[in-house]
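*Asks:* need a 3D model of the following:
(4 chains)
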There are 2 protein chains.
Amino acid sequence: MFNEITQEEAYNTEHLQRPAKTISMHAESSFKVACSNCNLRELCLPIGLSTDEMKQLDGMVATRKKIKQGGHLYSSGDAFTTLYAIRTGFFKTCVVSEDGREQVTGFQMAGEIVGLDGIVADKHNCNAIALEDAEVCVMPFNHVEDLSREIPVLQRHVHKIMSREIVRENGVMMLLANMRAEERLAAFLLNLLQRLHARGYSKSELILRMTREEIGSYLGMKLETVSRTFSKFSDEGIIEVKQKNVRILDHEKLKTIFNSSTC
Amino acid sequence: MFNEITQEEAYNTEHLQRPAKTISMHAESSFKVACSNCNLRELCLPIGLSTDEMKQLDGMVATRKKIKQGGHLYSSGDAFTTLYAIRTGFFKTCVVSEDGREQVTGFQMAGEIVGLDGIVADKHNCNAIALEDAEVCVMPFNHVEDLSREIPVLQRHVHKIMSREIVRENGVMMLLANMRAEERLAAFLLNLLQRLHARGYSKSELILRMTREEIGSYLGMKLETVSRTFSKFSDEGIIEVKQKNVRILDHEKLKTIFNSSTC
DNA sequence: CTTGGAGTTTGATGTGCGTCAATAATGATG
DNA sequence: CATCATTATTGACGCACATCAAACTCCAAG
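*Replies:* Numbering: from 1, shown residues only, chains lettered A, B, ... in the order given. Model prediction:
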């Protein structure tokens, strides 16, 4: 039987020293908006910063900004001025073609940086939309660049973040061009699990913040196929699915599906 | 979108009367290896450099390197130390999955930068393979970073190059996830034409440096489908195809195919 | 010249996923 | 609580592209 996963349960595992609640309490508390105080600094910031450098960095975040579920952090065509570090909540980024087709290009969670698409043309190339109520750190890009020139380890960090995005998208291209529906969904789940695990969440259950249609868009398949594939995994005892709640029953089998050329 | 000329590239168009052959002759000549002498500097380098800054930049390229057709500029897993600017020739980059499936992630030509995938993990994530005899400028990444800290306009340029790659890959994701074979091939041809045109080549003919299989890998379709789609375009009087040579007869129709939701 | 291999084209057939449609589950709202 | 909109599930059917197969072109080596 599938017991419903409450948010609290899913968000609270033995690995999690800092549950999300605490983070948002800090945000409301008397602490200054400063990276050096931030619970997410291991995710956002480079390691090996000196105390002085950390102090310099505290100026990087100009303000914080709250976005309601469904709200746009930025939209395609908006002038680009800042990057955003996600503090809480879940986002999707998507491009829209001339004829109106939407393509989800990624899902982003706490500690990840969005807005990099805007640098090349000084305007954003996609929409960033909150999939749940969220809060971000606003980092004016000029400021990031100024600090990068002062702090080489930050400079390298910025380069790595951009390179990581390039490599991620290479992986998505492989996924879209070569893999079948089951492999895509397995890859998607494993990727989400791994990133959530790095944030202290369970390796065996997760709550999907996005709809089947959004998953489908990202994976290049129709929502019906996403649903069917979930059902298939469920029938095979690999996962338990109840709407947005997913429990992983056979992590190994999921991995096998992911990198088997079952053709 | 996918085939849009970026602001940065657009300004080059009028300046480039010289075909690639002239460039490689210069490479053999007595000119010192220096960006300030390079015919491709409008493609590789930021605009608005002072004479002093240009002089500083001349140190960026450590050496040049020739790669024979089929040779690897770098391979997946290789230690990352340098970026490469392509001087002459044509490259493909491709990732290989654990089970051996190859995915072409891009085709690169003169003036474009390869190697960005290596930054995040200090080792390369893909193979870069010459599709014809080629020459590249070797730019040690430490050096690029050092100079970026000195020259803000170079720093911004590096960021733009990486952002451009991210945006390009967003477009490819749209292509792979949403478009049908004809749209993909039309997009591919238009993109190649636009980039070649920015380098002084004809808008109405091109020579494909890659095989049908490589095109197919990039576009997420089988080589037979690539071939059939070429034949279809040919039957419809949109292009003329003779092996690797393609002549565009109806540029407008190609554009229509590209962004029509013919569904 | 001939030979062989790599690349390409084209046809016949199969299939994974899209499309269309009906129903169910869920959450939001008054 | 009832109502409605959104999201998800499931089935029946069709199609775009993959697969399999054969022949053709081109070019390099002998």
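
*Asks:* isn't residue A:190 up against residue A:256?
*Replies:* No: using CB atoms under 8 Å, residue A:190 is not in contact with residue A:256, being 10.9 Å away. Glycine gets a C-beta too; all of them are placed from N, C-alpha and C.

*Asks:* residue ranges for the strands of chain A, please.
*Replies:* A:63-67, A:72-74, A:82-88, A:91-96, A:102-108, A:113-114, A:127-130, A:134-140, A:205-207, A:239-242, A:245-248 (DSSP state E).

*Asks:* ok, back up a step: residue A:190 and residue A:256 - which one has more neighbours?
*Replies:* Neighbour totals were compared for residue A:190 and residue A:256, and residue A:190 leads with 17 against 13 (other CB atoms under 10 Å in any protein chain shown).

*Asks:* do you know how far residue A:99 is from residue B:260?
*Replies:* 7 Å (CB to CB, to the nearest Å).

*Asks:* if we can go back for a sec, wait, which of the strands of chain A is closest to DNA strand C?
*Replies:* Set against DNA strand C and scored by CB to the nearest atom of the strand, the strands of chain A come closest in strand A:239-242, at 6.3 Å.

*Asks:* show me which residues of that closest one are buried.
*Replies:* Buried residues in strand A:239-242, defined by neighbour count with 16 or more other CB atoms under 10 Å in any protein chain shown: A:239, A:240, A:241.

*Asks:* what's opposite the spatially most central residue of chain A in the beta bridge?
*Replies:* Closest to where the C-alpha atoms of chain A average out (CA atoms, centre = their mean) is residue A:108, at 1.9 Å. Note on residue A:108: beta-bridge partners by DSSP bridges are residue A:91.

*Asks:* so it sits against residue A:88, correct?
*Replies:* No: using CB under 8 Å, residue A:108 makes no contact with residue A:88, being 11.8 Å away.

*Asks:* need the buried residues of strand A:239-242 in TSV with distance to residue A:73 and pLDDT, can you?
*Replies:* Formatted as TSV, the buried residues of strand A:239-242 follow (distance: CB to CB, whole Å; pLDDT from 0 to 100):
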residue	distance to residue A:73	pLDDT
A:239	31	97
A:240	33	95
A:241	29	94
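
*Asks:* for residue B:143, state which of those is nearest.
*Replies:* Of all these, residue B:143 sits closest to residue A:239, with 48.8 Å by CB to CB.

*Asks:* for the closest one, which residues are in contact?
*Replies:* Residue A:239 makes contact with A:189, A:230, A:233, A:246, A:247, A:248, A:249, A:250, A:254, according to CB atoms under 8 Å, 6 or more residues apart in numbering or on different chains.

*Asks:* pLDDT score assigned to the residue in the stretch 1-150 of chain A that DNA strand D sits nearest to?
*Replies:* Using CB to the nearest atom of the strand, the closest approach of the stretch 1-150 of chain A to DNA strand D is made by residue A:70 at 8.6 Å. Per-residue pLDDT puts residue A:70 at 94.

*Asks:* ok, now the one 3 residues further on?
*Replies:* Listed pLDDT for residue A:73 reads 96.

*Asks:* burial count for the closest residue to it other than its chain neighbours?
*Replies:* Excluding the flanking residues, the one nearest residue A:73 by CB to CB, 6 or more residues apart in numbering or on different chains is residue A:128, at 4.0 Å. For residue A:128, the count of nearby residues is 28 (other CB under 10 Å).
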